[in-house]
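Peer 1: Quick one: sequence plus predicted model below, questions after.
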Amino acid sequence: MSVTKGGYWQGLDIIRVAAIVGVVFIHVVQSELRTSPNLDWQWWSLNITQSLFIWAAPAFVIISGILLLNPQKKEEEPHDFYRKRLPKVGIPLLFWGCVYIQLEPRWDSSRTLEVILHGIFIGHISEHLYFLFAIIGLYLLTPYLRSWLAKLSEHQERLVLVGIFSTLILIEIVQSLAGIYVFLFATQWIPFLGYYLFGHYISRYQTRPIHFFFYLALSATNVPLNSIGKYIERISATHTISYFYSTKYNSVTAVVLTIGIFGVLFMLTESISEDGAIARICRFLNPRVFGIYLIHILLLRGFHYYFGITYPTEAATALIESLIVIIFSLLGLSIINLVPGGWWVVGFSTPVISAVSPKVESQEQLMRAQIPTE
């Protein structure tokens, strides 16, 4: 991955923007996948496409590992690291946590006070804010992980990754078979630890050729099994096969698919021109990705709840709605940013993108809070 002077990684912008599209798409189709009585070709189009996007949320964690665990990083005392980064995630979590606690019962009558309190305890205030608990936990570990990783050889780090992913996959299987959930708000980082460390590994040891990641991404154990697993889950009376298909990101298929797709994108984006249209668009969107992540559920659920519009029933319509939600999220972020101090709750301030010198400004943007970044 080529890095410009000043530490700007262009390819990560592109991957991050692709990932937010994938995350929004997953949330757009989630309701229909769970509740549709007709498991016809339209349902299958949603199912297969969602499986293709299952890499999106873990990709944010991998990018965090690349940026924060990178061996070129300056040594920082833990309190300096925390002072710089924790408020950028903690303040949005507090603000949007209060917002979604108020709104979730309106959208879903099953969200009783007891359910809400249980959700807070396990870190699931809303269906997406668990991710902020995970990021905070990984931030707290980062200064110590940096020191530990510096002592490991490539072979040792590879063994650590295999061990962690194997353990997390086993935990996922046990949770599914036993019908339990073992993680709390303070341990939401654990399911993402493997991806975080993988970010360090792939950036430091680019020893695998691109076709290795292609083989992982296209493996017969990935999208087909994810999709078939979801179908079995729907027709099963117990709904306990998330070890086979999982949006907790630690099923065998999800781990292999995520590593494969991310590895391919990581290497392919290295050759994209910094002055091309794709790179410029992604530099514009990059500092807004965190904000889109925070508010897209508000717009998506509100849109369907207040206007009584049904969720998309097939993939093409769902993708169009995803792009519409992203556009309205950008408009919402612009409005929030007009309020003094509003950028604190969406994790960025809106700079003007210059047509003359986008590289310099993008380096400044990269230093602002995003999911994930420095």
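Peer 2: Now that the structure is in, tell me what you want to look at.

Peer 1: Give the other helices and strands that the helix or strand where Y293 lies contacts.
Peer 2: In this assignment (DSSP states H and E), Y293 forms part of helix 289-307. Where contact means 3 or more Cβ pairs under 8 Å, 6 or more residues apart in numbering; DSSP states H and E, helix 289-307 is packed against helix 10-35, helix 78-107, helix 315-338. The way it works is simple: take the backbone N, C-alpha and C, and place the C-beta from them, glycine included.

Peer 1: most tightly surrounded among those?
Peer 2: Ranked by average neighbour count under the criterion mean count of other Cβ atoms under 10 Å, the helices and strands packed on helix 289-307 are headed by helix 10-35 at a mean of 22.

Peer 1: quick one: it to chain centroid distance?
Peer 2: Helix 10-35 sits 8 Å away from the centroid of its parent chain (Cα atoms, centre = their mean, to the nearest Å).

Peer 1: separation between G119 and L257?
Peer 2: With distances taken as Cβ to Cβ, to the nearest Å, G119 is found 28 Å from L257.

Peer 1: oh, I was asking about R85
Peer 2: When distance is defined by Cβ to Cβ, R85 is 29 Å away from L257.

Peer 1: Need the mean per-residue confidence for the helix holding Y293.
Peer 2: Mean pLDDT, taken over the full extent of helix 289-307, equals 92.

Peer 1: Relative to L298, which of the helices and strands packed on helix 289-307 is closest?
Peer 2: Each of the helices and strands packed on helix 289-307 was scored for nearness to L298 using Cβ to Cβ, and the closest is helix 78-107 (7.0 Å).

Peer 1: tell me the mean pLDDT for that closest one?
Peer 2: For helix 78-107, the per-residue pLDDT values average out at 90.

Peer 1: That helix vs helix 289-307, what angle?
Peer 2: Relative orientation of helix 78-107 versus helix 289-307 (axes from the mean of the first three to the mean of the last three Cα atoms, to 10 degrees): 10 degrees.

Peer 1: for helix 78-107, packing partners?
Peer 2: For helix 78-107, the helices and strands in contact under the criterion 3+ Cβ pairs under 8 Å, 6+ apart are helix 113-122, helix 130-149, helix 289-307.

Peer 1: again, 6 Å this time
Peer 2: In this structure, helix 78-107 packs against helix 130-149, helix 289-307, with contacts taken as 3 or more Cβ pairs under 6 Å, 6 or more residues apart in numbering; DSSP states H and E.

Peer 1: wait, T269 sits on I14?
Peer 2: Yes: contact status for T269 versus I14: in contact at 4.7 Å, counting by Cβ atoms under 6 Å.

Peer 1: how near is the closest residue to L300 other than its chain neighbours to Y196?
Peer 2: Excluding the flanking residues, the one nearest L300 by Cβ to Cβ, 6 or more residues apart in numbering is V325, at 5.3 Å. V325 sits 27 Å away from Y196 when distances are taken as Cβ to Cβ.

Peer 1: try E233
Peer 2: With distances taken as Cβ to Cβ, E233 is found 28 Å from Y196.

Peer 1: These two: which is more packed in?
Peer 2: For E233 versus Y196, neighbours defined as other Cβ atoms under 10 Å are more numerous around Y196 (27 against 19).

Peer 1: what stretches of the stretch 251-374 of the chain score poorly on pLDDT?
Peer 2: Under the criterion pLDDT under 70, the flagged ranges of the stretch 251-374 of the chain are 348-374.

Peer 1: quick one: the residue nearest the centre of the chain from E270, how far?
Peer 2: Closest to where the C-alpha atoms of the chain average out (Cα atoms, centre = their mean) is A57, at 2.2 Å. Per Cβ to Cβ, A57 is found 23 Å from E270.
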